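Undergrad: Sharing a model that was predicted from the sequence below.
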Amino acid sequence: MKKLCIGFTLCVLLFKVNTVHAQYTWNSDSLFKAGKPNSGRIWGYAFGDYYYKGHADSLKRGGSNQYTGIPENRNAFQFRRIYLGYDYNITQKFSAELLLAAEDNFPAGNPPSSTSASGDELINNKLSFYIKLANVRVKNIWKGTDLVVGQMSTPTFALLSERVWSYRSIERTITDIRRTPSYDLGAALQGVFDPSTKNFGYNAMVGNGSSAKPEADQFKWFYGDVYGYFFDKKLVIDAYADYERLNWTSTWHHSREMLKGYIAYNSAATEKGMDPGKGYTIGVEGFINNLKNDNLATRISDGSVDTASTKASGLSVYVHGDIVPTKLRFFARVDLYKPMNNIDNAVYNKYVGNTGNYNDNSYTTSGAAVTPTGDETYKQTFVTAGLDFMPAKNVHFMPNIWYERYATQLATANTDHDLVYRVTFYYVFGK
């Protein structure tokens, strides 16, 4: 009787499993890519480092970077991102995307002014997953164009320039460093003008501008870009713009408007598209962010404060390529960033920006006290270079250096830097 019960139970389970597999195809990348209804795939990746802080900026500047405030000689193993995603074809017309992310605190450990956990850390300082993407895609609402609704990647860099840079595991793109949203909750049109060749396309989106957080004002963020591939898709050119009102009262019209250009060449591209993991790739990305009535400048003469518009600007140049194809590659990149363009040391002695991530402050410590210096003018030069060893497909070990130089634009010169030595690891599964 016992054996009969066990046999019956196994038959029921087998029937259920066969029924499920008859209805759904799980974790089939080829079927998912083909758009087969009721097909899905689980995928993910992770990257982190062993790092050693070789030198620390004396004023702990660079509030948007990974290593601000980390003491000299500090070393640690650290995850900087863990992704777990699921993509699913509901029908041939509709698909869904869900992505959970656990990403590092910025900087690694709390900044000098912080008294509690921040970033993606829980109150007990443990890393936690959050919902990064959750959207539904309506394919071909007209030929060559999809409608996407929900929390999705924005057109700023995640859809193009980050993919061609190909080394997000080493560092963000230059606009990502300034925290222009890589994802947002809203609606978008993503399409191509020539569906047969897909050489020319566009992305247009309206979102909350608050990434994964609930909307906290009545203003929306508008994103848009157009791009074109040339010379058998070896060359890509992209033009991007966005706009958001930040405050809009009778006495203060405060907004931001970014204009960005991007051009890259990939020697391994084919008619299917670029392949930045092969051959060599050269890329240049630059932006100007017009910050309307953003800068509060203090007059030397009487201490009064003037409100002025300013521009933040950045330029990034990189190259990466094969040393031993499929086994060993190199990468190198230099970024130049200037937060303000209207510095006048004969009239003003202090500047305070009002747009998040364009108003980095610096800190000095005296015992337990933490005091902001008030210098938000400092220019930054970022340099990274390293090797990419690939013992297997989708497995990378990358020794590299991470360097950031800070130079004030105020009358009193103060130049210093952060220097970090790292071995970065990165692996992908399910794709």
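TA: Structure received. Numbering: from 1, shown residues only.
Undergrad: how about the CA coordinates for stretch 132-142, as CSV?
TA: Taking Å, rounded to 0.1, in the frame of the first residue of the first chain, the C-alpha atoms of stretch 132-142 are listed here in CSV:
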residue,chain,number,x,y,z
LYS,A,132,14.7,48.4,-10.8
LEU,A,133,12.7,47.6,-13.9
ALA,A,134,9.1,46.4,-14.2
ASN,A,135,7.4,47.1,-17.6
VAL,A,136,5.2,45.8,-20.4
ARG,A,137,6.2,46.2,-24.0
VAL,A,138,3.6,46.5,-26.9
LYS,A,139,5.5,45.5,-30.0
ASN,A,140,5.0,47.2,-33.3
ILE,A,141,2.2,49.6,-32.4
TRP,A,142,3.2,50.7,-35.8
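Undergrad: now the strands: where do they sit in the stretch 201-350 of the chain?
TA: Remark: strands assigned in the stretch 201-350 of the chain by DSSP state E, counting those that start in this stretch are 221-230, 235-248, 253-266, 280-299, 305-324, 328-338, 348-352.
Undergrad: and residue 174, which of these is closest to it?
TA: Closest of those to residue 174 is strand 305-324, at 4.0 Å (criterion: Cβ to Cβ). Yep, even glycine has a C-beta here, placed from its N, CA and C like the rest.
Undergrad: Which residue lies nearest the spatial centre of this structure?
TA: The residue lying closest to the centre of the chain (Cα atoms, centre = their mean) is residue 176, at 4.4 Å.
Undergrad: hey, C-alpha coordinates of the helix or strand harbouring it in PDB?
TA: Using DSSP states H and E, residue 176 maps to helix 174-177. Provided in PDB are the C-alpha atoms of helix 174-177 (Å, rounded to 0.1, in the frame of the first residue of the first chain):
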ATOM      1  CA  ILE A 174      30.100  60.200 -17.600                       C
ATOM      2  CA  THR A 175      26.400  61.100 -17.500                       C
ATOM      3  CA  ASP A 176      25.600  58.200 -15.200                       C
ATOM      4  CA  ILE A 177      28.300  59.400 -12.800                       C
END
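Undergrad: What is it packed up against?
TA: Applying 3 or more Cβ pairs under 8 Å, 6 or more residues apart in numbering; DSSP states H and E, one finds that helix 174-177 contacts strand 280-299, strand 305-324, strand 328-338.
Undergrad: Now the helix or strand just after that helix: buried residues?
TA: For helix 174-177, the following helix or strand on the C-terminal side (DSSP H and E) is strand 183-192. With burial defined by 16 or more other Cβ atoms under 10 Å, the residues of strand 183-192 counted as buried are 183-186, 188-192.
Undergrad: wait, what's in contact with the closest residue to residue 188 other than its chain neighbours?
TA: For residue 188, ignoring the flanking residues on the chain, the nearest one in space by Cβ to Cβ, 6 or more residues apart in numbering is residue 205 at 3.7 Å. Going by Cβ atoms under 8 Å, 6 or more residues apart in numbering, residue 205 touches 152, 154-155, 184, 186-189, 222-224.
Undergrad: what pairs with residue 205 across the strands?
TA: Beta bridges link residue 205 to residue 188, residue 223, judged by DSSP bridges.
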